[in-house]
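[1] Sequence first, then the predicted structure, then my questions.
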Amino acid sequence: MMPTVSPVLRPSYLPPVELHRPNDLGELFACVAAGACPLAGGTDLVVWASQRGEPRQLAWTGGIDEWHIVDISGQQVRIGAAVPLSRIARSGELRSLISAVIEGASVVGSVQLRNQATLVGNVCTASPGGDTLPGLYVHDAMVDVVNAAGSRRSIKISEFICAPGKTNLAPGELVAGVTVRGLGPLEGSAFCRFTQRNALDLALASVAARVRFESDEQTVAQASIALGAVGPTVLDAGQAAALLVGRTLEPTQLRECANLAAECCQPITDHRASADYRRQLVRALTEEIVLAAAKQVTAGCASVEAS
Amino acid sequence: MSEIQPPVQGPVSATRATERARGLARYAADLILPGTVLVGVARSPHAHARVISIDTKPALEIPGVLAVLTPADFDGIELGHPDTDEPVLTRVARYVGEAVVAVAASDQDSLLRGIEALHIDYQVLPHACSVADALTLDQPLHAAYPDNVVRRFNAKRGDWQAAEQRVSTWVSGTFQTQAVPHAYLEPRATLVRVNGELLELVTGSHFPSVLAETYREIVAGWGAQLEVVTPDIGGSFGAKWEHPTHLICLAFAHRLGCDVAMVLPRRDDMIAGRTRLAMRIQMRIGATDDGELVAKETVLWADNGAYSAHGPAVTLAAAIRMDNLYRFSALNAKAQLVYTNNIPSECFRGFGSPQSAFAQEQLIDELAERLGIDPIELRRRNAVRAGDTTLHGWQVGSCGFTECLDAIQQRVQAHQHENPPSINSRYRFGYGVAAGTHGISNRGYDRRFDRALLSLVLAPDGMLCIESGEVEIGCGTVDLFGAIVAERLKLDRERIRVVLGDTATVPYGLGCFASRTAFFGGRAALDASRQFARACSHLAIEIGLPAKASIATVIDTAVAVGRTTELRATGRYEPKHVTLPDESGYGNTSPAYTFGAHACCVRIDIVTGLTNVVHYWAAHDTGRVLNLQRARGQVVGGVHQGLGFALAETTLVDNHGRLQNPGYLDDRVATFADAVPVECIFTSTFEQEGPNGAKSIAEPPIIPVAACVANAIHNATGTRQRRLPMTPERIWRSLHTEG
Ligand SMILES: Cc1cc2nc3c(=O)[nH]c(=O)nc-3n(C[C@H](O)[C@H](O)[C@H](O)COP(=O)(O)OP(=O)(O)OC[C@H]3O[C@@H](n4cnc5c(N)ncnc54)[C@H](O)[C@@H]3O)c2cc1C
């Protein structure tokens, strides 16, 4: 047998890192231009640094005051790049406006983790299992990208995230925040994931749905469904959602929609679960979550009537 | 004559627990001073490979790298207990992650650069990551074991033929249990302090005295001496014994003449750690029509991983221990322990019994169903009782097994009464029961002796010091010894200092394992207190105090007149009626035995296969409870650890032998968010031989859990789970294929 040369397994210590703490955008871009990697909550980045030995130059985004802003104007919500998940998860107003996003934000990791991790970090990590992502997809999120020259572009999240772990952020660009379209009248949204443990776990599958009813509150006028952890990126199950439009949410309708969602997803088999089990989860979650989104409309109206 | 005493109910002075909760405990890693030389290792990326060449030069050229050790530096040294087969640094890698070369550097960055700069050439060899593959691999993993079988055990008891003839119903099954890491919170950490020719090894361990004994022989060859210092330990559960990291650090410290330290990152701690032995268990149990358990046959294969550690002892225990729960007429057990290219296995809370309970207690349940007898009743009819000598030679003293069964039956019936079965298309509810038994220490562990020593020494400042080699690994030993001595001598707990495990001062101790410490150490503490009280009354008379003066008064006076050195005593406990087991495990290996019965109610989501444990009852015969809060802590912890083993935890190894889940993200130990309500019940048993009537509670709570949950899943869904862990996907699949 030929001897083979192999690399040694490197110990997973966090290497010595240099942490820059810029106080304004200019300084931040200077750091990034000098090769530093933007660091928000660090809950992904620090883990990677331990595993891979890099990056070793980090620039904290928390010093940028305007990135701490959560702005609600009418139906629009803008969440700055330095806003931790726990802050949005606590907000009752956001919970009724962008339910699916907030339900996702509320289950990421653990209490301690959510105090640290940001929504924008979750987006930039671009994991197909990112828990805020399906909600952001059904809420038509736009990612606000800035560069050192001060020019801005706004990209649909489904275009911003292009592959597992990959975004189309150009070198030197940063994400300033995310803008989402909140719920309007007769609209509801919801998110649910399946994990084997109640905290600190990753979704084997997740589903977000958004439903708008006609004024009869029974016929679906518009619907969207996004599937997490069952494809290279979050998937837009547009065909499945289309099955609901113009119909009422009868069990057979729901089942058909859930079956189509399960069919059109592209799960892999890995050490966490097999592809057909993930499909089964998509089927179960889709039924559940379309109903939950619908219930938000009926429950919401009930409370308006009551008050 | 048993004087029945209630468990200690009152407020508990859990001083160590409070310290830990407040972050005051100091673990080995907390004792590393800035500037200490850091040690790391290069690990094999291959499951089985011969190291052909090592070039250390590029590493040594990196500034900050101080020294490098290779396998040649440890020629002739092998670790293991009692069998030695594990090299410190290896010439043949037998699992992915095995240490090949060690580097010492002045800082972490240089250390990492040094490790990455090493050149190691391997010749890759065929590997086997399962018992089945290892048995057919025509390549021995260790030259001395051509068929890769480390050890074979046979235990035949009773008249098998006669028993077989009486059996009317057989049930049988093949069960597969998995390897799981111990999942202690404190990763392996080693600090070596240099004091002239004396090397001080600072590390958490089950048995500092034995560790010192083992390593002293080795370092004596270098002209050095050694003591072990025992800091607080952040859990172990059976993992922290001898380990290559100790000798690597000792060798660097000796060579460089300065303090060195190595703290494993979590991932490394998992890939180069230890795991519970995975087992494949073929079992059948035969009974008469009226529910007498007559015969049991076990054929078991255990995965030893790359090195032996306590694998042989665990395998034998798994093959026979659980038999002692019932009055069988004949038993026939065969076990094989097999080397594979997996992470070395090690004993783990329960010492093989959680594995065999998973098989046995499910089969008992099946029998009950087949015979139309309530599963608790079937167990009660056959339960071992006080005064029995079992087929394996256990002389059962106190035994509260039937009391445990009664208690859980009552709880389950009440729960069923309050929660009538609901008809639901998605969720199914079910109840399960399982039992377990365990020894207290094991006379066969160290063939020389099984005993405990504990000294009481009055310090010049008037503090009474408890010194013992019977150590704390997080079960509350320090508090327990303190409480026993304080109560006996009527001293304030604040006047007592407890020093466990520092080998320079404490008497020799076998250490903390086999649920023995409270029992053995507790008896030694009582003996030491008795002797100390006697010494006090002698001194009282000499210094003119009334003979009945309180211990506190004598101590105060001894301090005042400078006669503290006369107040010292060494207590001792060595059980009289235990016997060395023979090769097949026959013998009265423990001075007393513990029993327990568990029940649970589960809710199964048949759409996803997810199991929710709605309620859990754990009844234990632990003798008299010495500290209720601590005992509950052990039970609740053991049950949750068992639930992880039952439902979620595993080590996933790919085709190349690489661990795919080296972290708690994918090794799903329960979190606080997964906690289930556990009701703890303790029987009124009083053990004559035990300290103040106590037995032990450390390991027993984990033993029945996986079987208990499996029985409940069957009750809820009608499917039998033969394989651990019972993940949602597996349950969903079994519902689809069987249901
Ligand atoms: C224990 C644990 C549990 C977890 N559980 C979950 C879970 O349940 N669900 C889940 O979805 N995730 C989970 N995660 C992953 C992680 O917490 C989330 O992805 C989190 O949202 C990341 O946010 P952060 O602020 O910490 O990002 P960071 O780690 O700081 O950054 C992540 C990435 O985004 C980039 N980045 C950050 N800010 C910017 C910016 N302004 N412009 C450009 N790039 C930027 C960084 O360079 C990096 O590449 C878990 C992680 C851990 C360690």
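    Sure, I can see it. Note that the coordinates shown come from a computational prediction; the quantities given were computed from them, not determined experimentally.
[2] which one is the most centrally placed residue in chain A nearest to, not counting chain neighbours?
    Among the residues of chain A, the one closest to the centroid is A:Leu133, at 1.9 Å (CA atoms, centre = their mean). Excluding the flanking residues, the one nearest A:Leu133 by CB to CB, 6 or more residues apart in numbering or on different chains is A:Val234, at 4.6 Å. In short, each C-beta sits where N, CA and C put it, glycine included.
[3] From A:Ala117, how far out is that neighbour?
    Computed as CB to CB, to the nearest Å, the A:Val234 to A:Ala117 distance reads 18 Å.
[4] And what about the closest residue to B:Ser329 other than its chain neighbours, helix, strand or coil?
    Spatial nearest neighbour of B:Ser329, chain neighbours left out: B:Ala163 (4.2 Å); criterion: CB to CB, 6+ apart. What DSSP: H, G, I helix; E, B strand; the rest coil gives for B:Ala163 is helix.
[5] Wait, B:Ala163 touches B:Val294, no?
    Yes. Applying CB atoms under 8 Å, one finds B:Ala163 in contact with B:Val294, separated by 5.0 Å.
[6] Distance of the spatially closest residue to B:Gly234 that is not a sequence neighbour relative to B:Ser205?
    Among residues not flanking B:Gly234 along the chain, B:Glu186 sits closest, at 2.4 Å (CB to CB, 6+ apart). From B:Glu186 over to B:Ser205 the distance is 12 Å, taken as CB to CB.
[7] More neighbours: these two, which one.
    B:Ser205 (27 against 21; other CB atoms under 10 Å in any protein chain shown).
[8] Spit out the contact partners of that one.
    Taking CB atoms under 8 Å, 6 or more residues apart in numbering or on different chains, we find B:Ser205 in contact with B:Leu211, B:Val228, B:Thr230, B:Ile233, B:Ser236, B:Lys240, B:Trp241, B:Val471, B:Gly501, B:Gly511.
[9] Contact partners for the first one?
    What that stands for is B:Leu211. Taking CB under 8 Å, 6+ apart as the test, what B:Leu211 contacts is B:Leu201, B:Ser205, B:Val228, B:Trp241, B:Glu242, B:His246.
[10] can I assume the first one sits in a strand?
    Translated: B:Leu201. Yes. Under three-state DSSP, B:Leu201 sits within a strand.
[11] measure it to B:Ala189 for me?
    11 Å.
[12] re earlier: what residues are shared contacts of B:Ala163 and B:Val294?
    B:Gly286, B:Phe328, B:Ser329, B:Ala330.
[13] Adding distance to the ligand and neighbour count, write these out as JSON lines.
    Below are the shared contacts of B:Ala163 and B:Val294 laid out as JSON lines (distance: CB to the nearest ligand atom, whole Å; neighbours: other CB atoms under 10 Å in any protein chain shown):
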{"residue": "B:Gly286", "distance to the ligand": "49", "neighbour count": "23"}
{"residue": "B:Phe328", "distance to the ligand": "48", "neighbour count": "24"}
{"residue": "B:Ser329", "distance to the ligand": "53", "neighbour count": "21"}
{"residue": "B:Ala330", "distance to the ligand": "52", "neighbour count": "21"}
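[14] Quick check: bridge partners of the closest residue to B:Asn711 other than its chain neighbours?
    Closest residue in space to B:Asn711, ignoring its immediate chain neighbours: B:Gly432 at 3.2 Å, by CB to CB, 6+ apart. Beta bridges link B:Gly432 to B:Cys600, judged by DSSP bridges.
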